[in-house]
Structures are given as structure tokens and as C-alpha cells.
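*Asks:* What shape does this take:
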Amino acid sequence: MKRPSVGEGDVSNEEIRFGSAELAAKLAERQVELLVCVFRHPVKALLGSEGAPGLQARTTASGAKVFRMPGPYDKRENVQRVMAELTAVLTARST
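*Replies:* Purely as a prediction, here's the structure:
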């Protein structure tokens, strides 16, 4: 269940474990094939590691691919590379 928080330090490990298990179950139920994460925290909760921006090597327990967006302060070159990768992933899925 969502609740207001000041920041990531405001959320306990128990809440993260509960929320990630609930999210994983909902993703599996809906047979989600690609998950695009704006923040690193969901990637870490689902895969055990926040990874680098871009398509992650690991998939969720239900087999969904995970893509992590670049951060707001990433270098332009990194953002361009990651967004080109996302474009390629989405284009491949639509063909």
C-alpha cells in the first residue's frame, strides 16, 4: 500500500520486501514482458542490484526484461546512448 514519505530513507527494508513481492506478483499475473524503471530502486528491489542505466542482463522472476532509465544528472552522452538503446528495444518489440 502506498503511503507518503519524505524520501527513500523513510521506507523500511520490510516495506521494500513486501512491496517488491507484491509488485513481482502483479507483473507475473499481467504477464508483463518489459518493465521500464524511471528510478534505480525498483530495479534493485526486483533484481537484487540496481545495475547501470539501460537494459539489464537479468530478468524478473516472471521473465520480464527490465530497462533502467538514466538519472537526471547523467552526462548527455550517457543519456543519448541509453535512450538509443531503449528506442532499439521498443522498435524490436514492435516488429
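
*Asks:* can I get the CA coordinates of stretch 88-95 in CSV?
*Replies:* The C-alpha trace of stretch 88-95 is given here as CSV (Å, rounded to 0.1, in the frame of the first residue of the first chain):
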residue,chain,number,x,y,z
ALA,A,88,16.1,-0.1,-30.2
VAL,A,89,14.4,-2.3,-27.6
LEU,A,90,11.0,-0.8,-28.3
THR,A,91,11.4,-1.0,-32.1
ALA,A,92,12.4,-4.6,-31.9
ARG,A,93,9.3,-5.4,-29.8
SER,A,94,7.0,-3.7,-32.3
THR,A,95,8.3,-5.6,-35.4
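
*Asks:* Would you map the strands across this protein?
*Replies:* 34-37, 54-59, 65-68 (DSSP state E).

*Asks:* Make JSON lines from the ones you listed and add distance to V79 to it.
*Replies:* All C-beta atoms are positioned from the backbone trio N, CA, C, and that covers glycine. Formatted as JSON lines, the strands of the chain follow (distance: least, Cβ to Cβ, whole Å):
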{"stretch": "strand 34-37", "distance to V79": "15"}
{"stretch": "strand 54-59", "distance to V79": "11"}
{"stretch": "strand 65-68", "distance to V79": "12"}
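
*Asks:* most centrally placed residue in this protein?
*Replies:* Geometric centre of the chain, nearest residue: C37, 3.3 Å, by Cα atoms, centre = their mean.
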